[in-house]
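In: Can you look at this prediction? I've put the sequence above it.
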Amino acid sequence: MSLVTDSPVHSSSSDDFAAFLDASLDSGSSEEAEGANDDLETQRIKRCKVEKLENVEEVQGSTSQTSSLKQTVEASDLCTHPGSFGDMCILCGQRLAEESGVTFGYIRKGLRLQNDEIARLRNRDMKNLLRHKKLCLVLDLDHTLLNSTQLIHMTSEEEYLKAQTDSLQDVSKGSLFMLDFMHMMTKLRPFVRTFLKEASEMFEMYIYTMGDRAYALEMAKLLDPQIEYFSDRVISRDDGTHKHQKGLDVVLGQESAVLILDDTENAWTKHKDNLILMERYHFFASSCHQFGFSCKSLSELKSDESETDGALATVLKVLKHIHTSFFDVHEDNLVDRDVRQVLKTIRKEVLKGCKIVFSRVFPTKFPADNHHLWRMAENLGATCSTELDSSVTHVVSTDAATEKSRWAVKQNKFLVHTQWLEAANYLWQKQSEENFPVNQTKSE
């Protein structure tokens, strides 16, 4: 990506600065050449001072130099300062009195962009992506692509893992890593390498984690050792604009072309229409405990998700379906397409034709249509009701002894547990009702 070459105005006094910024934005690593910017800034300032002194000394002897000096000042005055690098405009090189705009520190430390420049870049990159039949995909790390644990939190039943870790010398062939310098162990989710390889052919991908930047970069090295997929598009909590929230304001992709994979819906309160909710990956015991589960973890059971039928394999099929549907129109109409509408349409096919009544699922006097399971069912294409009638196909309950549950059995309707809905939501496919029976917890 380039912030300068497409800009409407250029200043020759900052050509070296512009070239450096372009190079850093196009580079594969956000950590390289950080020391160079101070030297470059010093050189540019020195050069500008020399040029100004020369112009002042010779100004009375040369009308052409007077004109040149005026043009330089006018160019600086006309510059809209689309962004800054530290306290210096990325376009004209002028020092700015105050910082403003959105921080894009993950691209280059100290980089800020104004809204107009962000919009311009997004529009340009949108056209470029569509030309290559690609969209944007924002990926969460923890519980989505991998699971990490502090070594001190490992249980006695997990001690065997320490003898089974893979080499950090060639991480592309491993999935379980001991990061001693971080006092941590990380397990990559099954199928993640195939997932990233195939997803990269359809999407420009970002990492976006609520972990700190050091952690984010280390995980990126494990997932993308050859820097093929993410380049410098690794966003951490240090880069966000709102505490405890994630937002697309720091992603240089049009919202209408962005999909998000994350296990935490509440992290994306402003972008739920872009979100595909992932089933959490609980490999380590500490992960189960973090979310209040008392069951044994996959590691304690010496088990793991399926490579072929696990969460990432499932969601890859969904992404392919969305991608195909998005681009299945005449090329001239692509700019007006919105991936959020495509996602909504495909999601509504999952439980299309189902009419659901809930029983003993919501708290007493709780507005039923505000409950997350009610909204989930509607998002999946089902019709929800509080009243029983012959058109009802499913009663979703946690107790087989309720009046509505007994009605379902008597009327030969499907009686299913709430997990039937959750499974359909994660797997993007209507599940066999017989696999989600409802047990009788008490008589009514």
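Out: Arrived safely.
In: Next, give phi and psi for residue 372.
Out: The phi and psi values for residue 372, taken as degrees, to the nearest 10, are phi -70, psi -30.
In: Let me know the pLDDT of it.
Out: Looking at residue 372, its pLDDT reads 93.
In: Mind checking the pLDDT average for the helix or strand where residue 322 lies?
Out: Counting by DSSP states H and E, the element that carries residue 322 is helix 311-327. For helix 311-327, mean pLDDT is 97.
In: residues in contact with the following helix or strand past it?
Out: Sequence-wise, the next helix or strand beyond helix 311-327 is helix 339-347, with elements assigned using DSSP H and E. Residues outside helix 339-347 that contact it (Cβ atoms under 8 Å, 6 or more residues apart in numbering): 135, 255-259, 273-274, 276, 318, 321-322, 325-326, 379-381, 428. From N, CA and C alone the C-beta is placed, and that goes for glycine too.
In: So among these, which ones count as buried?
Out: Buried residues within the contacts of helix 339-347, counting neighbours by 16 or more other Cβ atoms under 10 Å: 135, 255-259, 274, 276, 318, 322, 325-326, 380-381, 428.
In: tell me the angle the helix holding residue 322 makes with helix 339-347.
Out: 120 degrees (axes from the mean of the first three to the mean of the last three Cα atoms, to 10 degrees).
In: measure residue 221 to residue 177 for me?
Out: To residue 177, residue 221 is 10 Å away according to Cβ to Cβ, to the nearest Å.
In: Sketch out the low-pLDDT regions of the stretch 51-200 of the chain for me.
Out: 51-77 (pLDDT under 70).
In: Repeat the analysis, applying 90 as the threshold.
Out: Counting by pLDDT under 90, the stretch 51-200 of the chain shows low-confidence ranges at 51-80, 85-87, 90-93, 96-101, 109-110.
In: how about the helices in it?
Out: 63-78, 115-131, 192-199 (DSSP state H, counting those that start in this stretch).
In: The second one: which residues count as buried?
Out: By that I understand helix 115-131. Those would be 117, 118, 120, 121, 122, 125, 126, 129, 130, for helix 115-131 by 16+ other Cβ under 10 Å.
In: Partner strands of the helix or strand hosting residue 276 and their direction?
Out: Using DSSP H and E, residue 276 sits within strand 275-277. With DSSP bridges as the test, strand 275-277 is paired with strand 258-262 (parallel).
In: Give me the distance between the strand it pairs with and the centre of its chain.
Out: 5 Å (Cα atoms, centre = their mean, to the nearest Å).
In: Now for the buried residues of helix 115-131: which two are most distant?
Out: Maximum pairwise distance in the buried residues of helix 115-131, criterion Cβ to Cβ, is 20.5 Å, between 117 and 130.
In: if we can go back for a sec, what does the strand holding residue 276 rub up against?
Out: Strand 275-277 has contacts (Cβ under 8 Å, 6+ apart) with 259-263, 265, 268, 315, 318-319, 343, 425-426.
In: Looking at it now, give me its mean pLDDT.
Out: 97.
In: next SSE after that strand?
Out: Toward the C-terminus, strand 275-277 is succeeded by helix 285-290 as the next helix or strand (DSSP H and E).
In: From the contact counts, what lies against that next one?
Out: In terms of contacts (3 or more Cβ pairs under 8 Å, 6 or more residues apart in numbering; DSSP states H and E), helix 285-290 is packed against strand 146-150.
In: Identify each buried residue in the strand it packs on, please.
Out: Neighbour counts over strand 146-150 (16+ other Cβ under 10 Å) mark 146, 147, 148, 149 as buried.
In: and which of the residues you listed is nearest residue 439?
Out: Ranked by distance to residue 439 (Cβ to Cβ), those are led by residue 147 at 30.3 Å.
In: partners of the closest one in the sheet?
Out: residue 187.
In: I figured it hits residue 185, correct?
Out: No - between residue 147 and residue 185 there is no contact under Cβ atoms under 8 Å: 9.3 Å.
In: Would you mind grabbing the residues shared as contacts by the two?
Out: In contact with both residue 147 and residue 185: residue 284, using Cβ under 8 Å, 6+ apart.
In: Report how many residues lie close to the residue nearest to residue 354 when sequence neighbours are not counted.
Out: The shortest distance from residue 354 to any residue other than its chain neighbours is 4.2 Å, reached at residue 382 (Cβ to Cβ, 6 or more residues apart in numbering). Neighbour count of residue 382, defined by other Cβ atoms under 10 Å: 24.
In: And residue 382, how far from residue 340?
Out: With Cβ to Cβ as the criterion, residue 382 and residue 340 are 20 Å apart.
In: same check, this time on residue 440
Out: 42 Å.
In: Between those two, which has more neighbouring residues?
Out: Remark: of residue 440 and residue 340, residue 340 carries more neighbours, 18 against 12, as counted by other Cβ under 10 Å.
In: buried set for stretch 303-320?
Out: Buried residues in stretch 303-320, defined by neighbour count with 16+ other Cβ under 10 Å: 304, 305, 310, 311, 312, 313, 314, 315, 316, 318, 319.
In: Nearest to residue 283 among these?
Out: Of the buried residues of stretch 303-320, the one sitting nearest to residue 283 (Cβ to Cβ) turns out to be residue 304, at 7.0 Å.
In: The closest one belongs to a helix?
Out: No - judged by DSSP: H, G, I helix; E, B strand; the rest coil, residue 304 forms no part of a helix; its state is coil.
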